[in-house]
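S.K.: Pasting the sequence and the predicted coordinates here, then a few questions.
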Amino acid sequence: MVVEAGLVYIATVFSGNTFAKLSAQETEKAIDKKGVVIYKNFDTLEEAELWLQEKNSLVA
């Protein structure tokens, strides 16, 4: 549904919890296998925002 609406990139920021980080990494791997959207995890909000801005400039 969100893909049909135009979602292409997803950025998430890791929490300090080790189990949450592992879960996010597994989610990234699972989404990457499907190839529908590009999903990437980051350690900081600034890194995530910069990546999304760079990706947005490629499709704009």
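M.R.: Thanks, I have the structure now.
S.K.: where does W51 land on pLDDT?
M.R.: Per-residue confidence (pLDDT) for W51: 95.
S.K.: would you say it is within a helix?
M.R.: Yes: assigned with DSSP: H, G, I helix; E, B strand; the rest coil, W51 falls within a helix.
S.K.: which one's the longest helix in the protein?
M.R.: Ordering each helix of the chain by length in residues (DSSP state H) puts helix 18-34 first.
S.K.: pLDDT averaged over that one - what is it?
M.R.: On average, helix 18-34 scores 83.
S.K.: Sort out which residues of that helix are buried, please.
M.R.: Residues of helix 18-34 classed as buried: 24, 28 (neighbour count, 16 or more other C-beta atoms under 10 Å). In short, each C-beta sits where N, CA and C put it, glycine included.
S.K.: For it, which helices and strands make contact with it?
M.R.: Applying 3 or more C-beta pairs under 8 Å, 6 or more residues apart in numbering; DSSP states H and E, one finds that helix 18-34 makes contact with strand 38-42.
S.K.: send the alpha carbons of the longest helix of the chain over as PDB?
M.R.: The C-alpha trace of helix 18-34 is given here as PDB (Å, rounded to 0.1, in the frame of the first residue of the first chain):
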ATOM      1  CA  THR A  18      21.000  -4.300  21.600                       C
ATOM      2  CA  PHE A  19      18.000  -6.500  20.800                       C
ATOM      3  CA  ALA A  20      16.200  -3.700  19.000                       C
ATOM      4  CA  LYS A  21      19.300  -3.100  16.900                       C
ATOM      5  CA  LEU A  22      19.500  -6.800  16.000                       C
ATOM      6  CA  SER A  23      15.800  -6.800  15.100                       C
ATOM      7  CA  ALA A  24      16.300  -3.700  12.900                       C
ATOM      8  CA  GLN A  25      19.300  -5.300  11.100                       C
ATOM      9  CA  GLU A  26      17.200  -8.400  10.400                       C
ATOM     10  CA  THR A  27      14.300  -6.300   9.100                       C
ATOM     11  CA  GLU A  28      16.800  -4.500   6.800                       C
ATOM     12  CA  LYS A  29      18.000  -7.800   5.400                       C
ATOM     13  CA  ALA A  30      14.400  -9.100   4.900                       C
ATOM     14  CA  ILE A  31      13.300  -6.000   3.100                       C
ATOM     15  CA  ASP A  32      16.500  -5.900   0.900                       C
ATOM     16  CA  LYS A  33      15.700  -9.400  -0.300                       C
ATOM     17  CA  LYS A  34      12.300  -8.300  -1.600                       C
END
